[in-house]
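Engineer: quick one: sequence and predicted model below, then my questions.
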Amino acid sequence: MKKKIITLSLIGILLISLLSGCGKSEDKEAAKSTEPDIMQVRSICKLATVECYYHNVAKSEKPAGTGIWHFGEKDRQFWIEYTGTVKLGIDMSKVQMKVNGTDVTVTIPEAEVQQVNVDDDSYNSDSYIFSEDGINKNEITAEDATGAVENARNEMIKTAEENTALLVNAQERAKKMIENYIMQLGETTGTDYQITWKYE
């Protein structure tokens with residue numbers, strides 16, 4: 001009888017120990033899950049973009065050919081009116097975060113041009129303006145027109161990259177959204193997080 005009681009007591013102690021251990025493990029996992037998460041931060045950065053609309057005119061040129069067969073040809077200039085969009089944001093793969101208790105250090109890069117689109121529906125054959133042709137025709141081909149659209153795209157990239165105010169705005173937007181995420185998480189868990197920002 002005593003052996004049975006001792007055996008049952010030992011089993012009971014083991015069960016209590018195991019359950020206590022499991023509880024601590026779950027508590028650690030729960031605490032970890034309520035900390036700011038880098039994957040969440042990177043998802044926020046993916047969403048925190050600034051989109052700009054452009055309506056502009058791009059210029060292209062087709063030089064006259066050389067040689068006897070091109071005698072009388074003229075250099076041709078042509079312009080295309082177009083509409084397009086540029087998205088600015090930060091590279092989410094470069095965002096880093098370190099959590100040390102309530103201290104959170106977030107490193108973010110400068111904003112950059114992420115996507116450029118010329119709206120195909122914004123231009124057609126009537127959107128082109130051509131300079132005069134010579135006696136010997138220097139025809140503007142479909143390939144030349146495609147080059148004009150590429151010039152328009154490059155012009156949008158250049159304009160956006162030179163607009164430091166827009167780039168700063170895109171970076172600040174990402175920063176604000178990350179800060180809101182961390183602060184809201186802190187409110188939910190009763191944690192007063194202190195954020196330090198680092199810039200690449």
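Structural biologist: That came in fine, so what should we check first? Numbers count the residues shown, from 1 in each chain.

Engineer: looking at this, Trp79 is in a helix?
Structural biologist: No: looking at Trp79 with DSSP: H, G, I helix; E, B strand; the rest coil, it is strand, so not inside a helix.

Engineer: tell me who's in contact with it.
Structural biologist: For Trp79, the contact set (C-beta atoms under 8 Å, 6 or more residues apart in numbering) comprises Val57, Ala58, Lys59, Ser60, Tyr128, Ile129, Ala148. C-beta coordinates here come from the backbone N, C-alpha and C atoms, glycine included.

Engineer: please report the distance of the residue positioned nearest the centre of the chain from Ala170.
Structural biologist: The residue lying closest to the centre of the chain (C-alpha atoms, centre = their mean) is Gly89, at 4.1 Å. According to C-beta to C-beta, to the nearest Å, Gly89 stands 6 Å off from Ala170.

Engineer: repeat for Val95
Structural biologist: Applying C-beta to C-beta, the value for Val95 to Ala170 is 13 Å.

Engineer: repeat that for Leu88.
Structural biologist: 4 Å.

Engineer: circling back to that earlier point, quick one: which of the contacts of Trp79 is nearest Pro36?
Structural biologist: Closest approach to Pro36 among the contacts of Trp79 (C-beta to C-beta): Ala58, at 44.2 Å.

Engineer: neighbour count: Val95 and Ala170, which is higher?
Structural biologist: Ala170 (25 against 20; other C-beta atoms under 10 Å).

Engineer: quick one: the helices in this protein?
Structural biologist: Here the chain has its helices, by DSSP state H, at 2-33, 38-47, 142-162, 164-189.

Engineer: got the angle for the second one vs helix 164-189?
Structural biologist: Taking axes from the mean of the first three to the mean of the last three C-alpha atoms, to 10 degrees, one finds helix 38-47 and helix 164-189 inclined to each other by 140 degrees.

Engineer: in helix 38-47, what's buried?
Structural biologist: Neighbour counts using 16 or more other C-beta atoms under 10 Å place Val41, Arg42, Ile44, Cys45 of helix 38-47 among the buried residues.

Engineer: out of these, the closest to Tyr123 would be?
Structural biologist: Nearest member of the buried residues of helix 38-47 to Tyr123, counting by C-beta to C-beta, is Cys45, at 32.8 Å.

Engineer: burial count for the residue nearest to the closest one when sequence neighbours are not counted?
Structural biologist: Distance criterion C-beta to C-beta, 6 or more residues apart in numbering; nearest residue to Cys45, sequence neighbours excluded, is Met92 at 4.0 Å. Neighbour count for Met92, taken as other C-beta under 10 Å: 20.

Engineer: list the contacts for Met92?
Structural biologist: Counting by C-beta under 8 Å, 6+ apart, Met92 has contacts Arg42, Ser43, Cys45, Lys46.
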